[in-house]
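In: just a sequence and a predicted model for now, questions to come.
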Amino acid sequence: MSSLANPNVSRKRRKIDPDSQTRIPAETGLTRWRTQAEQLIYSSKLVDALRSPDSDSVTGRAVRDAADRVLAVSARGKTRWSRAILTNRLSLRLAHINRKHKKAPKPTARSMKPAPQKKLPPVQKKVKVLSRLVPGCRKVSLPNLLEETTDYIAALEMQVRAMTFLTGLLNGGGSAAPAFGQSDQNVSSS
Amino acid sequence: MSSRRQQSRQSGASRITDDQIADLVSKLQQLIPEIRSRRSNKSSASKVLQETCNYIRNLHQEVDDLSHRLSGLLQSTDADSAQATIIRSLLM
């Protein structure tokens, strides 16, 4: 019975364009960010990333960068925001190298050019602001932007929970049983 | 939703109908804790978008604060025991 318009089927019939490749399976994606396991894995990877011996790596900025990077990697390449975080780091490093050797001012972010101001209805204005807050989503269509936003928010919430947990761990010693909020499964009562 | 079939992705938001915006914004609404706690019928698209932006900014700020705190803690304490505790929790 093909008379029903199944959204999934109609999606596959479309031509592949850059936007459609960011299709996120909404429910599995969001649930994943809320599991205790994901949070623990993230915490562990973050601690690992911050363990390098140079004193440089323990600035607040360095921690933030590592936290974002590990978060982006956890997304496993499925979302635009996560890919953007990882490629931004690359282009920043290249710009830094270029500046050192060539001293040529290179605008790395194409989106830094001020766009001509059109009169936008308030909703569109807010959409623009939102697109600037979610990495890599300035030119994305609205439905994709909202999908990216939902995943990004879920990921950020996990990031906050995990880093709060880590802070508690490093503050109060390791013997306390970790208490997570919002864990859907595998609640181990120790 | 049959309107999705005709959706063109090549331009920006200008070709999206208001219905689509409303539909997607209502989904976004589910995620924002502030809006969830109020009556969800009341929120307009503009309000939801505003709250979303505020919420993301707040989360960014929290992450910055936590990063700052962690950077101080990591200088003085032992990361290995923290790592051990985490792995123990994972295995239990």
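Out: Yep, that arrived.
In: buried residues, the helix ranked longest in chain A. List them.
Out: The longest helix of chain A (DSSP state H) is helix A:142-172. Buried residues in helix A:142-172, counted by 16 or more other CB atoms under 10 Å in any protein chain shown: A:142-167, A:169-170. All C-beta spots, glycine's among them, are computed from the backbone N, C-alpha and C.
In: for stretch A:85-105, same thing?
Out: For stretch A:85-105, burial by neighbour count (16+ other CB under 10 Å) applies to A:Ile85, A:Leu86, A:Asn88, A:Ala95.
In: among those, which one lies nearest to chain B?
Out: Closest approach to chain B among the buried residues of stretch A:85-105 (CB to the nearest CB): A:Ile85, at 12.5 Å.
In: show the average pLDDT along the longest helix of chain A.
Out: Per-residue pLDDT over helix A:142-172 has a mean of 88.
In: show me what the strand or helix carrying B:His68 is packed against.
Out: Element membership of B:His68, judged by DSSP states H and E, is helix B:45-76. Applying 3 or more CB pairs under 8 Å, 6 or more residues apart in numbering or on different chains; DSSP states H and E, one finds that helix B:45-76 contacts helix A:60-74, helix A:122-133, helix A:142-172, helix B:18-29, helix B:33-37.
In: what angle sits between that helix and helix A:60-74?
Out: 120 degrees (axes from the mean of the first three to the mean of the last three CA atoms, to 10 degrees).
In: mind listing what's buried in helix B:45-76?
Out: Under 16+ other CB under 10 Å, the buried positions of helix B:45-76 are B:45-53, B:55-56, B:59-60, B:62-63, B:66-67, B:69-74.
In: per-residue pLDDT of residue 92, please?
Out: No chain in the question, so chain A it is. 77.
In: the intended chain is chain B.
Out: 73.
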